[in-house]
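Q: 3D, please:
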Amino acid sequence: SDAIKLMRTVAANSENANRPQDFYRGMSNVELLGKFMADGGTELAPMSTTADLRIALKYASTGRVAVLLRIRTQNCMQQGADLTWLSAFP
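A: Here you go, the predicted structure:
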């Protein structure tokens with residue numbers, strides 16, 4: 001959409017635009033299938049992530065099975081738009 005394009009333009013003009021960054025997603029009560037481990041996967045909707053490992057670990061540790069994903073990015077174009085301002089959990 002036009003809004004996402006505008007937010008990505010803002011990110012591309014920031015001083016951190018070309019800085020690699022890791023993001024994390026912690027999930028509980030989720031088990032990864034062998035197919036995912038072999039081939040990977042994709043999320044069809046916006047995926048909540050955090051740059052703070054402690055927050056992701058907190059989310060992952062609330063159930064009986066924990067999954068922690070680390071997403072490595074090289075620049076802002078691999079990171080998508082920052083939707084923190086829309087989040088119920090900023």
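
Q: make it CA atoms for all contacts and neighbour counts henceforth
A: Fine.

Q: quick one, helices of the chain?
A: 2-12, 34-39, 53-60 (DSSP state H).

Q: With respect to burial, which of the ones you listed scores highest?
A: helix 53-60 (a mean of 16; mean count of other CA atoms under 10 Å).

Q: what's near enough to touch the residue of the chain most remote from its centre?
A: Computed with CA atoms, centre = their mean, the residue of the chain farthest from its C-alpha average is residue 64, at 22.2 Å. Neighbour list for residue 64: 28, 29 [criterion: CA atoms under 8 Å, 6 or more residues apart in numbering].

Q: Could you tell me the model confidence score at the residue nearest the centre of the chain?
A: The residue lying closest to the centre of the chain (CA atoms, centre = their mean) is residue 49, at 3.2 Å. In this model, residue 49 is scored at 90, pLDDT.

Q: pretty sure it is in contact with residue 22, am I right?
A: No. Shown here, residue 49 and residue 22 do not form a contact pair, counting by CA atoms under 8 Å, at 9.7 Å.

Q: pLDDT value on residue 19, please?
A: With respect to pLDDT, residue 19 has a value of 91.

Q: Give the closest residue to it in space, chain neighbours not counted.
A: residue 75 (5.4 Å; CA to CA, 6 or more residues apart in numbering).

Q: how many other residues sit next to that neighbour?
A: 16 (other CA atoms under 10 Å).

Q: which intervals of this structure have sub-threshold pLDDT?
A: Residues of the chain that meet the criterion pLDDT under 70 lie in 90.

Q: Strands of that one, residue ranges please.
A: 21-28, 66-73 (DSSP state E).

Q: Of all those strands, which one is nearest residue 82?
A: Proximity to residue 82 (CA to CA) singles out strand 21-28 among the strands of the chain, at 12.0 Å.

Q: angle of that closest one against helix 53-60?
A: 20 degrees (axes from the mean of the first three to the mean of the last three CA atoms, to 10 degrees).

Q: Measure how far strand 21-28 is from the centre of its chain, please.
A: Strand 21-28 sits 6 Å away from the centroid of its parent chain (CA atoms, centre = their mean, to the nearest Å).
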